[in-house]
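Asks: what follows is a protein structure lacking sequence information:
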């Protein structure tokens, strides 16, 4: 566990400097992200905005054919109010936002989308969908639910629907870096950063058929997820997204990150573990029953600014040819091991 910062976050739920815990085995990541934090602080802070898209679960059903499929979808659409009543009875923090159907022949997928307060909401969505299916949809229609998750959610897998529609928290972060900050802290220039962005994050990602047009979202998110007790498998969705670096005047750059699908929460799951609780306390994350959802949004803003810091430093390292040397210097330290029993 390492700590980076202070990181200047200028959001709607965070407007202060914070120290950010990262859990990683990559020693260079701490030093690199810390450099990015210094650049952001020198630039006056990262402006961050977050949208609570909601958590999804999508059971899959089997009908008798096309007409049965059409009738089933129509039946669902006419009974949204009853479905909402059943779902929201499972938790006082859960709200059903919408249900999106998708059908192919005898297959119908229903993508339920919920808001879940300060919880990440996956378990809440699953329990609510199970209740809706078992107590209402199957008994009333006779249509069988084949699986409670039909991969249209989409949970813990890269998917275009999560890229376009979002899942969990949708995060935006930006900063303007003047020439002096680029030169003094990041050891680079505006022209060099824009060039790397274009050829690496854009053209390289297109050539690879990637859905992540960024340098290392997953690296920072994995370290943040483990440090704060999130489910690390959701780094898959979180790694989707775009880093933008563009010229801003003759020698400055505008840099931003867009993360469309980051499922995180401020309560529940691993956030209750001792070390992770300490990390959340360090970030000022504390759920308040009078302001449901605010703690998770604060956490998301810090995540966005931290990812931006990591992107800036790594992209700069490519321009200054420092990537390999940094890993050689910081990532090859000797790890002491305990002697084996009987070996003295």
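Replies: In hand now; what should we look at? Fair warning: this is a prediction, and the values are worked out from it, not measured in the lab.
Asks: partner strands of the helix or strand containing residue 110, parallel or antiparallel?
Replies: Following DSSP states H and E, the helix or strand that holds residue 110 is strand 107-115. Strands adjacent to strand 107-115 in the sheet, as given by DSSP bridges, are strand 46-57 (antiparallel), strand 60-62 (antiparallel), strand 95-104 (antiparallel).
Asks: mind listing the helices in the stretch 51-200 of the chain by residue range?
Replies: With DSSP state H, counting those that start in this stretch as the criterion, the stretch 51-200 of the chain has helices at 66-78, 80-88, 122-132, 138-141, 160-165, 179-184, 190-196.
Asks: quick check: buried residues in the fourth one?
Replies: Meaning helix 138-141. Counting neighbours by 16 or more other Cβ atoms under 10 Å, one finds that the buried residues in helix 138-141 are residue 141. No exception for glycine: its C-beta is placed from N, CA and C like everyone else's.
Asks: can we start the residue count at 319 from this point?
Replies: Sure, I'll start counting at 319 from here, so that last one is helix 456-459.
Asks: packing partners of that helix?
Replies: Taking 3 or more Cβ pairs under 8 Å, 6 or more residues apart in numbering; DSSP states H and E as the contact definition, the neighbouring helices and strands of helix 456-459 are helix 384-396.
Asks: and the angle for the helix it packs on with helix 440-450?
Replies: Direction vectors for helix 384-396 and helix 440-450, defined by axes from the mean of the first three to the mean of the last three Cα atoms, to 10 degrees, enclose an angle of 110 degrees.
Asks: any chance you could list what contacts helix 384-396?
Replies: Contacting residues not belonging to helix 384-396 are listed as 379, 381, 401, 417, 419, 421, 423-426, 428, 455, 458-459, 461 [Cβ atoms under 8 Å, 6 or more residues apart in numbering].
Asks: just list the residues touching the most centrally placed residue in the chain, thanks.
Replies: When Cα atoms, centre = their mean is applied to the chain, the residue found nearest the centroid is residue 580 (2.1 Å). With contacts defined as Cβ under 8 Å, 6+ apart, residue 580 is in contact with 486-489, 539, 552, 555-556, 618, 621.
Asks: coming back round to it: can you tell me which of the helices of the stretch 369-518 of the chain is nearest to residue 627?
Replies: helix 497-502 (12.7 Å; Cβ to Cβ).
Asks: quick check: mean pLDDT of that closest one?
Replies: Averaged over helix 497-502, pLDDT sits at 98.
Asks: per-residue confidence at residue 650?
Replies: Note for residue 650: predicted pLDDT of 52.
Asks: I should have written residue 662 there, sorry.
Replies: Residue 662 is assigned a predicted lDDT (pLDDT) of 38.
Asks: now residue 655
Replies: Model confidence at residue 655, expressed as pLDDT, equals 55.
Asks: hang on, the earlier thing: of the contacts of helix 384-396, buried ones?
Replies: Those of those that meet the buried threshold are 379, 381, 401, 417, 419, 421, 426, 428, 455, 459, 461, by 16+ other Cβ under 10 Å.
Asks: domains in the chain, by residue range?
Replies: Structurally, the chain divides into domains by automatic domain parsing as follows: 320-370+479-648, 377-465.
Asks: where in this protein is pLDDT low?
Replies: Low-confidence regions of the chain, defined here as pLDDT under 70, cover residues 640-662.
Asks: list the contacts for residue 468?
Replies: By Cβ under 8 Å, 6+ apart, the contact set of residue 468 is 376-378, 427.
Asks: select from those residues the one having the most neighbours.
Replies: Neighbour tally across these (other Cβ atoms under 10 Å): the maximum, 25 neighbours, falls on residue 376.
Asks: now do the contacts for the nearest residue to it once chain neighbours are set aside.
Replies: The spatial neighbour of residue 376 that comes closest, neighbours along the chain excluded (Cβ to Cβ, 6 or more residues apart in numbering), is residue 470 at 3.8 Å. For residue 470, the contact set (Cβ under 8 Å, 6+ apart) comprises 376, 378, 420, 427, 429, 479.
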